[in-house]
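A.B. asks: build me a structure from this.
(chains A, B and C)
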Amino acid sequence: MFTVNNLWVLIATALVFIMHLGFATLEAGFVQRKNVVNILFKNSMIISIGLLTYYFIGYNLMYPGEGYEGGFIGAFGPMDWAAGATADYAAAAEAGATYTGYTDFIFQAMFAATCATIVSGAVAERIKLVPFLIFATLFVAISYPITGMWKWGGGWLDAMGFYDFAGSTLVHAAGGFAALAAIILLGSRRGKYRPDGSVSAIPGHSMPLAAIGVFLLWFGWFGFNGGSVLSADPNGVSLVFVTTSLAAAAGGVAAFFMGYIMFKTYDLSMVLNGILGGLVGITAGADLMSGGESILIGLIAGIIIPLSIVFFDKTLRLDDPVGATSVHGMCGIWGTLAVGIFGASAGIDQLITQLIGTLAVGIFSFATSFAIFSALKAIMGIRVDEEEEIRGLDLGEHDMHAYTLAKEDGVFQLTDSGSSVVR
Amino acid sequence: MFTVNNLWVLIATALVFIMHLGFATLEAGFVQRKNVVNILFKNSMIISIGLLTYYFIGYNLMYPGEGYEGGFIGAFGPMDWAAGATADYAAAAEAGATYTGYTDFIFQAMFAATCATIVSGAVAERIKLVPFLIFATLFVAISYPITGMWKWGGGWLDAMGFYDFAGSTLVHAAGGFAALAAIILLGSRRGKYRPDGSVSAIPGHSMPLAAIGVFLLWFGWFGFNGGSVLSADPNGVSLVFVTTSLAAAAGGVAAFFMGYIMFKTYDLSMVLNGILGGLVGITAGADLMSGGESILIGLIAGIIIPLSIVFFDKTLRLDDPVGATSVHGMCGIWGTLAVGIFGASAGIDQLITQLIGTLAVGIFSFATSFAIFSALKAIMGIRVDEEEEIRGLDLGEHDMHAYTLAKEDGVFQLTDSGSSVVR
Amino acid sequence: MFTVNNLWVLIATALVFIMHLGFATLEAGFVQRKNVVNILFKNSMIISIGLLTYYFIGYNLMYPGEGYEGGFIGAFGPMDWAAGATADYAAAAEAGATYTGYTDFIFQAMFAATCATIVSGAVAERIKLVPFLIFATLFVAISYPITGMWKWGGGWLDAMGFYDFAGSTLVHAAGGFAALAAIILLGSRRGKYRPDGSVSAIPGHSMPLAAIGVFLLWFGWFGFNGGSVLSADPNGVSLVFVTTSLAAAAGGVAAFFMGYIMFKTYDLSMVLNGILGGLVGITAGADLMSGGESILIGLIAGIIIPLSIVFFDKTLRLDDPVGATSVHGMCGIWGTLAVGIFGASAGIDQLITQLIGTLAVGIFSFATSFAIFSALKAIMGIRVDEEEEIRGLDLGEHDMHAYTLAKEDGVFQLTDSGSSVVR
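C.D. replies: Prediction:
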């Protein structure tokens, strides 16, 4: 049984890993052609930095073990398999664990890296590479583990009865609110808000890449939510697969209708983000909901998506190229509150606890992110200069085009900015 | 043991889910650049609608449980975990099930949505979005569960001894024949058949997307066939992995040679469809065949593919942009008949039963699909107007391009129809 | 327990399968737009041919069973489930196996096909299709199984104490050195080395495809290394997931810094290849290393990557479009030696044994590959003619473009070579 539980959490780890490809392609698809290499570079580095950082600092900060119950902050220090988590099979089983300490580390490390990835889409097309990577390192090393510890590490939110099954708040709202701080400090992309007050849509360069991203994220979410059962318990994992899928489907359908009502067209971006909204929304209570309740949660998430995207984009005039603040921030809050409204834990007390928890994590993540980016802005600047933004970050930061045509004998060569060179 | 069986069927569910990304990218790759958003939109909606529809109607219609043995139609009504399937682990185990009712639902729901996706490729580049989505809803809600019930729900084909392990007939031929009805009613794409009688090839816009689709479908097929063992039984699942892989490989190799013989070139589309043909072909008897037999079944499927594609395209002049009628319809029939020719169940009686079963399902699906599309044609029309077809459905239905180049400072902007705007 | 072990090796098989999509997209991304169909075609055929070849010849040559201990070559003859490996569950369990003979075959067959795929990237953009496919057939049928047998089939390297957990040498160095022989015989791509001695960079046509490839390869590596535990043993598989991930991450980070130091830019290709280098490097000892040791191994692999790529490209003037000789050849050797330097088996004797083993396999693979390609060169030629190379192999070998724009009403049509046709 230990072997089966351990195996399932490892397979779930691989599924959560593939979400990083989902984020990479989603974000790459939603940005302009001239900034694609930059997105791919950031996402390749985030997973790499995230895993190492979590090994050296994050894990112990998030899961300090005994003696930290009800606390605000965990322990500093690198991963030590012998302490805290038991790497050895027999010892872990005897200690009542359902998987080894290695499994625990790698599953949690994949989650941590996810949180930083959420930010990368929102700040796309204008942030400097190095400050962003420094932010991602600090965020995964310190901010995410601290707020994560509040609930999953046995801290004060856990003691309060706050519920967040797989991270609507701890991963998604945390990432979404960090993204919000970042885009406030960064400012909008050049040309997004015109002097006359009108808003310019800047379409993504590749809808197939965006769609590949959403399907891969849904696929990976089976591991994200399903693995969060932390065992292969049939009642738990089976239910979570059902609720996760139904919420995603309902999110897509609701965004289809809302998108048509609001924009009078069949808007693929909205449907894709609606599916993601449904997934984020169900994440806090994926193990508590019935089929019907998960459909309702997904439907509401799918309604929130276009409203929230328009609110951020047009009302607040905050420029978020991929809608991360809406998908992860707003639907993260919604999913967390939904645990107090629907399902086995519903109740006004739970609802209030959920509200406190999601606000606390959101505000902390926002504040940390704001502080880190403010410091980076003062020290080295966080935004590329205007000329680089026009030419694109692919040339500016990476001296490379995302797409090139033939080198030889053609009459046409496509460069990153879409300019054609007729030879 | 229950936990292991249940876990495997859930993992298989995730694998079948990713087939939807496979279909999306395959179909997107095989259509013109101006109709890509439309394909991605349809495929995002089909999985979403499919899961919800199967929850509200389809599942009970397909698996009505006791009292429907040998029948023609199941029960109407929404999913009820307590009845029919037992959601609870202990109860399910006691009832002799190998997995929970939740698992049963979500695995079957992924199959149902697959069937509608098959149609979407065949009708691409000319069908109106809303009538197609209405069709997909009705097809997954009613037609697929009725024919599915005939065998997997214990209906009359099951009573007759019809064998269809994982759905060469119940999923693939059903989808393929629904597609056939649709393309007869829709007519060919503008410019496909020229006034002088010649046939114009309309190449797909992205071979990488098409290839990604085929590899993802093969990957997902490990869950489609492997999960259909309905347990983690080593004899069953191991054999199915071997037969599925060998048939796919043989299909690719046979299509390579046939393609070269017929077209005097190394035709990637044929190899990709040959692999899919091998996969569809082995599906009915994946648990019955030896390695050698599965290679033979795959080889024949790979020979059928180019012959059938040319037959539909040139002889019947039926326009199927992705070859769905050949891959899913013809190879679905072939695979179903192969159960009577090769393997443990071979025999003339079995062959006749297989023929009756596949024809019954094919004709029913064709007729239902024909009826639904005829009604939709009369009520709202099913085909976009000529101007929209020329401009592309991406602009016509979605006001969006699949690919855009840079917004700023370029001299060249690519629009969906491939026209270049020099500024 | 048998069921769980068997299931995990099957799931790992599916993960190794998806590495073939990873190789296909990685290689397609790194070549020019005019040679993309050719890459996709080769990779579709390699997996198909590889599985069939391994069924008919390779498996028995590699795993001859009793009586071949310490030997140099296995047994010829097609797969026979009854002998050698026990297909039946009960018999296999009684014989002390942890999975069925079917599982053993299909898992090993996926590995075999991987080895040939490594070569396909290095020879891209100039090799003739048919000789390459003949080479791939012979390599998977004969060369890979012979060297594989030396260790995994119980041959002389195994008897010597050589250690190669999942194939740094047996798969990656074998493939990398076969690639080296091939590119020496083939010569460089036209225009790569200019008459004045300067080296022309030929950028890949699609960085998103390349990045998709690397993430899919990492994803698949969980099965490649994790499945090589050959059971679901929690101690083994959990550790392997951790070491594999940390080495990949460290490889990416090291290549980031080295790339910046060497090229003064943030080079996405280097980071992607650094991740792959880390994965190849950890493969020989993934079950022996601690977290810290796997990070060190990955870091060194990530440092090797840019140095080796520049060494092959500029110093040796050997043209390898995807860096396969560096990623698989050099990091394969590094990973093999690392077993003698770090971890549970470290020691000077082990290091010498590792060196002997990796050189023996590398030299044999190089020699076999050199012999096969030399024979093919004499018989039918292995390189496309200059005109075809300029126009691209997609048109020359496949009469097809990887990407096409709209057929109708546009003013612009993109052909494979990037030439625009204004109508």
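A.B. asks: C-alpha from now on. contacts and neighbour counts both.
C.D. replies: Will do.
A.B. asks: just for the stretch 51-200 of chain A, where's the confidence low?
C.D. replies: A:81-88 (pLDDT under 70).
A.B. asks: could you rerun that using 50?
C.D. replies: Along the stretch 51-200 of chain A, the parts satisfying pLDDT under 50 run over A:83-84.
A.B. asks: nearest to chain B: which residue in it?
C.D. replies: A:Gly191 (8.5 Å; C-alpha to the nearest C-alpha).
A.B. asks: enumerate every residue touching that residue.
C.D. replies: Shown in contact with A:Gly191 (C-alpha atoms under 8 Å, 6 or more residues apart in numbering or on different chains): A:Ser200.
A.B. asks: tell me how far it lies from C:Phe256.
C.D. replies: 32 Å (C-alpha to C-alpha, to the nearest Å).
A.B. asks: what are the phi and psi values for A:Tyr403?
C.D. replies: phi -130, psi 140 (degrees, to the nearest 10).
A.B. asks: who's it bridged to?
C.D. replies: Counting by DSSP bridges, A:Tyr403 forms beta bridges with C:Ser206.
A.B. asks: could you report the neighbour count for it?
C.D. replies: 23 (other C-alpha atoms under 10 Å in any protein chain shown).
A.B. asks: pretty sure it contacts C:Gln32?
C.D. replies: No: counting by C-alpha atoms under 8 Å, A:Tyr403 stays clear of C:Gln32, with 9.5 Å between them.
A.B. asks: shared neighbours of the two, which are they?
C.D. replies: Between them, A:Tyr403 and C:Gln32 share the contacting residues C:204-205, judged by C-alpha under 8 Å, 6+ apart.
A.B. asks: is stretch A:385-395 positioned near chain C?
C.D. replies: No: Stretch A:385-395 does not reach chain C (C-alpha under 8 Å from any C-alpha of the partner chain); its nearest approach is 9.7 Å.
A.B. asks: list the buried residues for that stretch?
C.D. replies: For stretch A:385-395, the neighbour count (16 or more other C-alpha atoms under 10 Å in any protein chain shown) marks A:388-395 as buried.
A.B. asks: what's around the residue of the stretch 151-300 of chain A found nearest chain B, how many residues?
C.D. replies: Residue nearest to chain B within the stretch 151-300 of chain A: A:Ala249 (3.9 Å; C-alpha to the nearest C-alpha). Neighbours of A:Ala249 under the rule other C-alpha under 10 Å: 31.
A.B. asks: next, count neighbours for the residue lying closest to it once chain neighbours are set aside.
C.D. replies: For A:Ala249, ignoring the flanking residues on the chain, the nearest one in space by C-alpha to C-alpha, 6 or more residues apart in numbering or on different chains is B:Ser48 at 3.9 Å. Per other C-alpha under 10 Å, the neighbour tally for B:Ser48 reads 24.
A.B. asks: residues contacting B:Ser48?
C.D. replies: Taking C-alpha under 8 Å, 6+ apart, one finds A:246, A:248-250, A:252-253 in contact with B:Ser48.
A.B. asks: go on, A:Lys151?
C.D. replies: A:157-159, A:162-164.
A.B. asks: mind doing that once more with 7 Å?
C.D. replies: The contact partners of A:Lys151, by C-alpha atoms under 7 Å, 6 or more residues apart in numbering or on different chains, come to A:157-158.
A.B. asks: got the residues of the stretch 1-150 of chain A near chain C?
C.D. replies: A:3-4, A:6-7, A:14, A:18, A:21, A:37, A:40-41, A:45, A:48-49, A:51-52, A:88-89, A:100, A:102-103, A:106 (C-alpha under 7 Å from any C-alpha of the partner chain).
A.B. asks: related to what we said a few turns ago, quick one: which of the buried residues of stretch A:385-395 is nearest C:Leu299?
C.D. replies: Nearest to C:Leu299 among the buried residues of stretch A:385-395 is A:Asp394, at 25.6 Å by C-alpha to C-alpha.
A.B. asks: pretty sure that closest one sits in a helix.
C.D. replies: Yes: membership of A:Asp394 in a helix is supported by DSSP: H, G, I helix; E, B strand; the rest coil.
A.B. asks: contacting residues around it?
C.D. replies: By C-alpha under 7 Å, 6+ apart, the neighbours of A:Asp394 are A:34-38, A:400-401.
A.B. asks: any idea how far it lies from A:Phe132?
C.D. replies: 15 Å.
A.B. asks: same question for A:Val119.
C.D. replies: Relative to A:Phe132, and taking C-alpha to C-alpha, A:Val119 is found at 9 Å.
A.B. asks: cool, and A:Ser206?
C.D. replies: 24 Å.
A.B. asks: ok, the nearest residue to A:Ile304 once chain neighbours are set aside - how many residues close by?
C.D. replies: Spatial nearest neighbour of A:Ile304, excluding adjacent residues (C-alpha to C-alpha, 6+ apart): A:Cys331 at 7.3 Å. Other residues lying near A:Cys331 total 35 when counted by other C-alpha under 10 Å.
A.B. asks: low-scoring stretches of the stretch 301-423 of chain A, by residue?
C.D. replies: For the stretch 301-423 of chain A (pLDDT under 50), the answer is A:407-423.
A.B. asks: all strands of it, in order?
C.D. replies: A:412-414, A:420-422 (DSSP state E, counting those that start in this stretch).
A.B. asks: show me the contacts for A:Met19.
C.D. replies: A:216-217, A:220.
A.B. asks: in the stretch 301-423 of chain A, which spans are helices?
C.D. replies: With DSSP state H, counting those that start in this stretch as the criterion, the stretch 301-423 of chain A has helices at A:324, A:331-341, A:348-379, A:386-391, A:393-398.
A.B. asks: same list, those, but as a markdown table with distance to C:Leu61 please.
C.D. replies: A markdown table is the format used below for the helices of the stretch 301-423 of chain A (distance: least, C-alpha to C-alpha, whole Å):
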| stretch | distance to C:Leu61 |
| --- | --- |
| helix A:324 | 53 |
| helix A:331-341 | 55 |
| helix A:348-379 | 58 |
| helix A:386-391 | 56 |
| helix A:393-398 | 47 |
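A.B. asks: nearest to A:Gly278, out of those?
C.D. replies: Per C-alpha to C-alpha, nearest to A:Gly278 of those: helix A:331-341, 7.6 Å.
A.B. asks: that closest one to helix A:348-379, inter-axis angle?
C.D. replies: Interaxial angle, helix A:331-341 versus helix A:348-379 (axes from the mean of the first three to the mean of the last three C-alpha atoms, to 10 degrees): 160 degrees.
A.B. asks: check which helices and strands helix A:331-341 sits against.
C.D. replies: helix A:268-283, helix A:348-379 (3 or more C-alpha pairs under 7 Å, 6 or more residues apart in numbering or on different chains; DSSP states H and E).
A.B. asks: distance between it and the chain's centre?
C.D. replies: Relative to its chain's centre, helix A:331-341 lies at 16 Å (C-alpha atoms, centre = their mean, to the nearest Å).
A.B. asks: what do you get for stretch A:121-129?
C.D. replies: With C-alpha atoms, centre = their mean, you get 15 Å for stretch A:121-129.
A.B. asks: just the CA trace of that stretch, in CSV.
C.D. replies: What follows is stretch A:121-129, C-alpha atoms only, in CSV (Å, rounded to 0.1, in the frame of the first residue of the first chain):
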residue,chain,number,x,y,z
GLY,A,121,3.0,35.7,-17.9
ALA,A,122,1.7,38.8,-16.3
VAL,A,123,5.0,40.7,-16.6
ALA,A,124,5.7,39.5,-20.1
GLU,A,125,6.9,41.7,-23.0
ARG,A,126,8.5,44.4,-20.9
ILE,A,127,10.3,43.1,-17.8
LYS,A,128,14.1,42.8,-17.8
LEU,A,129,15.3,39.2,-17.5
